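Asker: Take a look and give me a structure for this.
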Amino acid sequence: MTTDTETDGGTEDRTAPLIGDERTSERERTGNRLVNWMENLSEAAYAYLLLLPAFALLALIAFYPLVMTFVMSLREDRTRGLEPLGGFVGFENYVDILTGNARLARQFLDVSVSASYPFVELGVPFLQQALFVTLAFAVISVLLETVIGFGQAYVLDQDFRGRRWVRVAIILPWAVPIVIQGMIFFLLFQPTVGFGSDLMQWLGVFGPDPLADSQDAFIIILVADIWKSAAFMALLILAGLQSVDRSLYNVARVAGASPWQRFKMITLPLVMPALLVAMLFRTMDAMRVYGLIESTAGCTTVPSLTCLVVEAMFGGTRIFATAAAVAFTTAIVIGLIISVYVFFFRDTEGGLY
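Answerer: Next up, the predicted model:
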């Protein structure tokens with residue numbers, strides 16, 4: 001900016017930048033440097049930069065509670081007094097739950113694999129039997145839901161009259177809340193209320209009170225979960241099926257490929273990424289099963305890892321440190337399962353999604 005100053009000899013012109021102009025210029029230079037730095041980043045570095053806010057949010061709402069749960073699990077249970085946790089005991093709580101010495105709820109049944117039936121042998125530590133029940137539930141339910149969901153998605157991917165109503169019928173169970181779902185099957189297999197108990201007893205499948213028997217109740221919960229969650233699998237797999245280029249099927253037909261060959265060489269490889277994503281989500285969800293068990297047969301009949309955590313936290317003993325140890329162990333198991341998915345399917349076309 002030019003200013004005029006009167007002196008004895010006349011008028012003197014001065015050109016002096018204002019402070020605001022200096023700050024504006026500095027901001028422009030800083031912005032240009034930042035833009036140049038971002039433009040020089042590699043694609044991978046730029047992608048991680050964009051994901052940085054998501055990583056920060058994930059660390060805040062996921063990893064921080066996990067770390068605090070681990071810290072809590074290293075302290076002593078204190079059932080008396082105002083403080084729920086005692087002093088530092090290291091990995092003593094983990095040793096207790098693995099060896100069966102933890103003060104977990106004693107109404108849980110001790111179960112393990114035997115030659116006659118998977119639910120009859122007694123004397124197994126509580127965490128081990130709950131882990132067995134949880135893993136068995138996750139493996140069986142996810143496999144059956146994948147097969148059924150794939151079949152439903154394959155049908156919905158075809159053009160036929162009334163497809164819209166068939167989609168509604170298939171997706172409807174997924175819209176049912178878990179508590180309502182559990183109450184439906186609870187009433188269905190109540191001996192004095194529902195017809196399911198009498199029918200299964202007449203067929204020789206269940207006993208007189210299936211919801212009070214761990215074997216029968218486990219099967220009922222499996223059926224209830226498959227009834228609801230197969231629709232979720234069908235939705236994700238259907239999205240993968242509809243992304244397949246239809247011209248590939250026309251070329252295969254011209255080449256004389258049979259329906260099985262078209263499915264094996266075109267459909268299955270191209271839908272595999274969506275299929276594995278669906279299986280991964282369902283596996284994580286099945287490993288955290290609690291609401292369906294509690295609302296159908298109760299955790300006293302079919303224990304799971306989440307049942308152990310809830311009973312330890314809110315049962316009569318209120319052993320918070322032990323509950324934290326079980327919860328962190330459950331997180332480790334789920335993390336190992338995710339690692340298995342990533343390891344075995346890392347070479348799948350498109351990566352692991």
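Asker: In the stretch 251-353 of the chain, where is pLDDT below threshold?
Answerer: 316, 346-353 (pLDDT under 70).
Asker: now with 90?
Answerer: 251-278, 280-281, 284, 288, 291, 294, 297-327, 329-331, 333-353 (pLDDT under 90).
Asker: With the stretch 101-250 of the chain instead?
Answerer: Scanning the stretch 101-250 of the chain for pLDDT under 90 picks out 101-133, 135-136, 152-179, 182, 188-217, 232, 235-236, 238-250.
Asker: how about a cut-off of 50?
Answerer: 107-122 (pLDDT under 50).
Asker: contacting residues for residue 226?
Answerer: The contact partners of residue 226, taken as Cβ atoms under 8 Å, 6 or more residues apart in numbering, are 141, 144, 145, 148. C-beta: built from backbone N, CA, C; applies to glycine.
Asker: Can you tell me which of these lies closest to residue 247?
Answerer: Relative to residue 247, the closest of the contacts of residue 226 is residue 148; by Cβ to Cβ it sits at 29.2 Å.
Asker: Tell me which residues touch the nearest residue to the closest one once chain neighbours are set aside, please.
Answerer: Excluding the flanking residues, the one nearest residue 148 by Cβ to Cβ, 6 or more residues apart in numbering is residue 230, at 4.3 Å. By Cβ under 8 Å, 6+ apart, residue 230 lies in contact with 144, 145, 148, 149, 152, 173.
Asker: Tell me the first helix or strand C-terminal of whatever helix or strand the fourth one lives in.
Answerer: Taking DSSP states H and E as the criterion, residue 149 maps to helix 126-156. With elements assigned by DSSP H and E, the helix or strand that comes after helix 126-156 is helix 163-175.
Asker: can you pick the most crowded of the contacts of residue 230?
Answerer: Highest neighbour count within the contacts of residue 230: residue 149, with 27 neighbours (other Cβ atoms under 10 Å).
Asker: residues touching that one, list them.
Answerer: 230, 231, 232, 233, 234, 236, 237, 278 are the contacts of residue 149 under Cβ under 8 Å, 6+ apart.
Asker: Turn those into a markdown table, columns for secondary structure and distance to residue 249.
Answerer: Listed next are the contacts of residue 149 as a markdown table, based on DSSP: H, G, I helix; E, B strand; the rest coil; distance: Cβ to Cβ, whole Å:
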| residue | secondary structure | distance to residue 249 |
| --- | --- | --- |
| 230 | helix | 25 |
| 231 | helix | 26 |
| 232 | helix | 26 |
| 233 | helix | 23 |
| 234 | helix | 20 |
| 236 | helix | 21 |
| 237 | helix | 17 |
| 278 | helix | 22 |
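Asker: Throw the residues you listed into a markdown table and include distance to residue 69, thanks.
Answerer: Output for the contacts of residue 149, formatted as a markdown table (distance: Cβ to Cβ, whole Å):
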| residue | distance to residue 69 |
| --- | --- |
| 230 | 32 |
| 231 | 32 |
| 232 | 28 |
| 233 | 30 |
| 234 | 34 |
| 236 | 30 |
| 237 | 34 |
| 278 | 28 |
